[in-house]
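Student: Following is a predicted model, sequence given first.
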Number of protein chains: 2
Amino acid sequence: MGAGGSKKIIPSGLKHCTLWKADRSPPCRAVMMTLDAMNLSITEVDVNMDKGEHRSPELTILNPLQTLPVFKDRELVLNDSHAISIYLAKRYHNTGRLLPKDPGGNSLIEQLLHFDSGILYPRYRAAANPVLYENCNFVMPQHVSDIESAYCDLEHMLVGKTWLGGNWPTLGDISIVATVSTLNVLVPIDQNRYPRLTSWLHRMSEEIYYITANKTGLGEFSRRIGELSEVN
Amino acid sequence: MGAGGSKKIIPSGLKHCTLWKADRSPPCRAVMMTLDAMNLSITEVDVNMDKGEHRSPELTILNPLQTLPVFKDRELVLNDSHAISIYLAKRYHNTGRLLPKDPGGNSLIEQLLHFDSGILYPRYRAAANPVLYENCNFVMPQHVSDIESAYCDLEHMLVGKTWLGGNWPTLGDISIVATVSTLNVLVPIDQNRYPRLTSWLHRMSEEIYYITANKTGLGEFSRRIGELSEVN
């Protein structure tokens, strides 16, 4: 594990907060984009998943589930990317811009985060894990179909909308783009079938935090998938 | 579809809020328990999933995903049980008891809700759907193994704790018990391997809202699984 360079030092200084992360992982990138969208700088530690560092005793004590990301702010330890992003918004960026304060607006963003948790991410994991860890060099037909069905849901959710959650990008867009940009590597989004989703992904890819915090890890994931496909 | 009887009439009167639900469905029961835990009474509409009523034009307009529950409060429409419960807590029961107001306490409950969304519920659906809809009369070994692994995670999460989220049951316990009590029908929880989880489930089953809002639907699910196993 190596301490990653903090991108910005700001007066409020959140170096007492630590994020253990791997750039390849979509939920880690969701938290990294959230931090950059809030202009917050915390201590970041790169964890090499191929060497099993996420299962080290140090991290297992913090997170018995042995998943990434892991976040620590003094006594508080969190391991779910959505809970981490909500915490950062409420504790350190309470403007209501990324996570509305009114119960109705807030609940619509919470719903997007649960769509990511409950639909998108499990389908990502089901499709990616056989390629990453089980010597499979293609995405299985059932998994392609499940991912296409999720694209179809997103296309519906974008009817009449520029962003998924409101008049500007919110935590909902950020979490979902971390997963969808990665799914797009495994099952490319057909722009004829999903024109709204294609446009939304293009718009999100132009946001500064996408460029600073998603692009590198997404490229790393993409190369890794390419290498494994060649080897097998 | 038939209008279900509201259980309590309270002065604040939330009859302008409507919940479309099926008692058999774990996320519907999570919202019903949340309402009873908050002593809130809203308009409830029973939807017969076997007759495909959740795919009716009326409900599809409200929820293109064609899932249950569906919740409506004037212009606001939600279809994710966790987002509905968070909304109800923030809008109509803002005591902090079921969902803490401080960012740290709040994030720990959000994390439990995402564990339900991202781990428990997808594993429930993967195990139950072949039995409910695909003429399969047993839970497939891979699905049993995934559910056992989730029980193992919960057993870890309960070390040193009476409740999952704090010193009393919160929205985290309520959402998770709706799913876990149903998983327990499909893959019975071994009390020797999971003593803490067994005790927690027993404690939760004694909460009044579990008795009023989970027991009937759970029994219906259990009978349905029994019938399908006999027929096949």
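Tutor: Happy to help now that I have it.

Student: Domain ranges for chain A, per the record?
Tutor: A:2-92, A:103-231 (automatic domain parsing).

Student: I'd like the distance between A:M33 and chain B.
Tutor: Applying Cβ to the nearest Cβ, to the nearest Å, the value for A:M33 to chain B is 17 Å. The C-beta positions use only the backbone N, C-alpha and C, and glycine is treated the same way.

Student: where does that residue land on pLDDT?
Tutor: Looking at A:M33, its pLDDT is 98.

Student: Helices along chain A, start to end?
Tutor: A:26-37, A:57-62, A:81-92, A:103-115, A:121-133, A:141-157, A:171-186, A:195-205, A:208-213, A:215-231 (DSSP state H).

Student: Make JSON lines out of the domains of chain A and add mean neighbour count and distance to B:A30.
Tutor: Below are the domains of chain A laid out as JSON lines (neighbours: other Cβ atoms under 10 Å in any protein chain shown; distance: least, Cβ to Cβ, whole Å):
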{"stretch": "domain A:2-92", "mean neighbour count": "19", "distance to B:A30": "17"}
{"stretch": "domain A:103-231", "mean neighbour count": "18", "distance to B:A30": "12"}
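
Student: Give me the distance between the spatially closest residue to A:T212 that is not a sequence neighbour and chain B.
Tutor: Spatial nearest neighbour of A:T212, excluding adjacent residues (Cβ to Cβ, 6 or more residues apart in numbering or on different chains): A:D36 at 5.1 Å. Going from A:D36 to chain B by Cβ to the nearest Cβ gives 20 Å.

Student: show me what contacts A:D36?
Tutor: A:7, A:208-209, A:212-213 (Cβ atoms under 8 Å, 6 or more residues apart in numbering or on different chains).

Student: where does it land on pLDDT?
Tutor: 96.

Student: same question, A:V187
Tutor: A:V187 is given a pLDDT of 97.

Student: now A:W200: how far from chain B?
Tutor: From A:W200 to chain B the distance is 16 Å (Cβ to the nearest Cβ).

Student: List the residues that contact that residue.
Tutor: A:154, A:158, A:162-164, A:173.

Student: Likewise for A:Q66?
Tutor: Here A:Q66 is in contact with A:54-55, A:59-60 (Cβ under 8 Å, 6+ apart).

Student: Report the two of those residues separated the most.
Tutor: Largest separation among the contacts of A:Q66 by Cβ to Cβ: A:H54 and A:T60, giving 8.6 Å.

Student: can you list the helices of chain A in TSV and add distance to B:L40?
Tutor: Converted to TSV, the helices of chain A look like this (distance: least, Cβ to Cβ, whole Å):
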stretch	distance to B:L40
helix A:26-37	32
helix A:57-62	37
helix A:81-92	24
helix A:103-115	14
helix A:121-133	31
helix A:141-157	28
helix A:171-186	26
helix A:195-205	36
helix A:208-213	38
helix A:215-231	43
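
Student: Figure out which of these is closest to B:L76.
Tutor: helix A:103-115 (4.7 Å).

Student: Show the average pLDDT along the longest strand seen in chain A.
Tutor: Longest strand in chain A, counting residues (DSSP state E): strand A:14-21. Per-residue pLDDT over strand A:14-21 has a mean of 95.

Student: In the sheet, which strands lie alongside it, parallel or antiparallel?
Tutor: The strands that strand A:14-21 pairs with in its sheet are strand A:42-46 (parallel), strand A:70-73 (antiparallel) (by DSSP bridges).

Student: Export those to a markdown table and append columns for mean pLDDT.
Tutor: Shown next, in a markdown table, are the strands paired with strand A:14-21 (pLDDT from 0 to 100):
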| stretch | mean pLDDT |
| --- | --- |
| strand A:42-46 | 96 |
| strand A:70-73 | 98 |
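
Student: In contact with A:T95, which residues?
Tutor: Here A:T95 is in contact with no residue (Cβ under 8 Å, 6+ apart).

Student: let's see 10 Å
Tutor: Residues in contact with A:T95 (Cβ atoms under 10 Å, 6 or more residues apart in numbering or on different chains) are A:38, A:89, A:101.

Student: again, but for A:K101
Tutor: Per Cβ under 10 Å, 6+ apart, neighbours of A:K101: A:89-90, A:94-95, B:90.

Student: Taking those residues together, which two end up most distant?
Tutor: Across those (Cβ to Cβ), the longest gap, 17.6 Å, separates A:T95 and B:K90.

Student: Now render the contacts of A:W200 as TSV, adding pLDDT and distance to B:S222.
Tutor: Shown next, in TSV, are the contacts of A:W200 (pLDDT from 0 to 100; distance: Cβ to Cβ, whole Å):
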residue	pLDDT	distance to B:S222
A:L154	98	35
A:L158	97	39
A:T162	97	46
A:W163	98	43
A:L164	97	37
A:D173	98	40
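
Student: Mind putting those residues into TSV with distance to A:A83?
Tutor: Shown next, in TSV, are these (distance: Cβ to Cβ, whole Å):
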residue	distance to A:A83
A:L154	22
A:L158	25
A:T162	27
A:W163	22
A:L164	19
A:D173	18
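
Student: Return the closest of these with respect to B:K72.
Tutor: A:L164 (20.0 Å).

Student: my guess is the closest one meets A:L201, correct?
Tutor: No. Using Cβ atoms under 10 Å, A:L164 is not in contact with A:L201, being 11.0 Å away.

Student: who touches both of these two?
Tutor: A:154, A:176-177.

Student: For chain B, tell me which of the residues you listed show up nearby.
Tutor: Filtering the shared contacts of A:L164 and A:L201 for proximity to chain B by Cβ under 10 Å from any Cβ of the partner chain leaves nothing.

Student: Excluding covalently adjacent residues, which one is nearest to A:T34?
Tutor: A:S85 (4.3 Å).

Student: mind listing what A:G219 touches?
Tutor: Counting by Cβ under 10 Å, 6+ apart, the residues that A:G219 touches are A:23-24, A:185.

Student: need those in JSON lines with distance to B:I42, can you?
Tutor: Output for these, formatted as JSON lines (distance: Cβ to Cβ, whole Å):
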{"residue": "A:D23", "distance to B:I42": "45"}
{"residue": "A:R24", "distance to B:I42": "44"}
{"residue": "A:V185", "distance to B:I42": "43"}
